[in-house]
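Q: Structure, please.
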Amino acid sequence: MSQAKSGDTVRVHYTGKLDDGTQFDTSVERDPLKFELGSGQLINGFDVAVEGMQVGENKTVRIEADDAYGQRDEQLLQNIPKDALPEDLNPSVGMPLQAQGPDGQTVKLLVVAVEDETITVDGNNPLAGEALTFDIELVEIV
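A: Predicted structure coming up:
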């Protein structure tokens, strides 16, 4: 039976959990996730975990933050004057926003504080700084 290797397109089912047991994502009720191993489409630790698996194999793997979404970067917290926002925007804590970065790419932000004159946004991935545990099943090597 063949093993998944870098460059293979694979389909997997997965369930991701935080250390406290909170489930943050799963493919179980959806189609399996399809991706090319080693292409950088997913976090490095997930690629490493799937490489070498055989079709039908299940595994549980814990991925440290550095091999997942990295450590939180406090420099990605920014205060923005409310008068720099569109007039029709009524920001609230937890609201997702998008901005254009200096390289022209879209940056996803999350409003984490709203004051009288400013809002604070966080550009970190919500899973940054977290170790992630995945239950993975290799469904198919395409």
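Q: residues in contact with K108?
A: Counting by Cβ atoms under 8 Å, 6 or more residues apart in numbering, K108 touches P96, L97, Q98, G123. In this view, the C-beta of every residue, glycine as well, is placed from N, C-alpha and C.
Q: Stretch 118-132: end-to-end distance?
A: Its first and final residues considered, stretch 118-132 spans 33 Å by Cα to Cα, to the nearest Å.
Q: For it, buried residues please.
A: Applying a neighbour-count criterion of 16 or more other Cβ atoms under 10 Å, one finds 118-125, 127-128, 130-132 buried in stretch 118-132.
Q: Just these: which are in strands?
A: T118, I119, T120, V121, D122, L132 (DSSP state E).
Q: With respect to S2, which of these is nearest?
A: Closest approach between those and S2, by Cβ to Cβ: L132, at 27.0 Å.
Q: isn't that closest one right up against G45?
A: Yes. Counting by Cβ atoms under 8 Å, L132 touches G45, with 7.5 Å between them.
Q: Mind listing the shared neighbours of these two?
A: Going by Cβ under 8 Å, 6+ apart, residues that sit against L132 and also against G45 are I63, A68.
Q: quick one: strands adjacent to the lowest-mean-pLDDT helix or strand in the chain?
A: Scoring the helices and strands of the chain by mean pLDDT, DSSP states H and E places strand 96-100 at the bottom, with a mean of 89. Partners of strand 96-100 in the sheet, by DSSP bridges, are strand 106-114 (antiparallel).
Q: where's the partner strand relative to the chain centroid, distance-wise?
A: Its chain's average C-alpha position is 15 Å from that of strand 106-114, according to Cα atoms, centre = their mean, to the nearest Å.
Q: cool, and stretch 3-22?
A: 12 Å.
Q: Repeat that for stretch 67-75.
A: 11 Å.
Q: need the strands for this protein, in chain order.
A: Taking DSSP E as the criterion, the chain carries its strands at 9-17, 23-26, 33-36, 58-63, 77-81, 96-100, 106-114, 118-122, 132-141.
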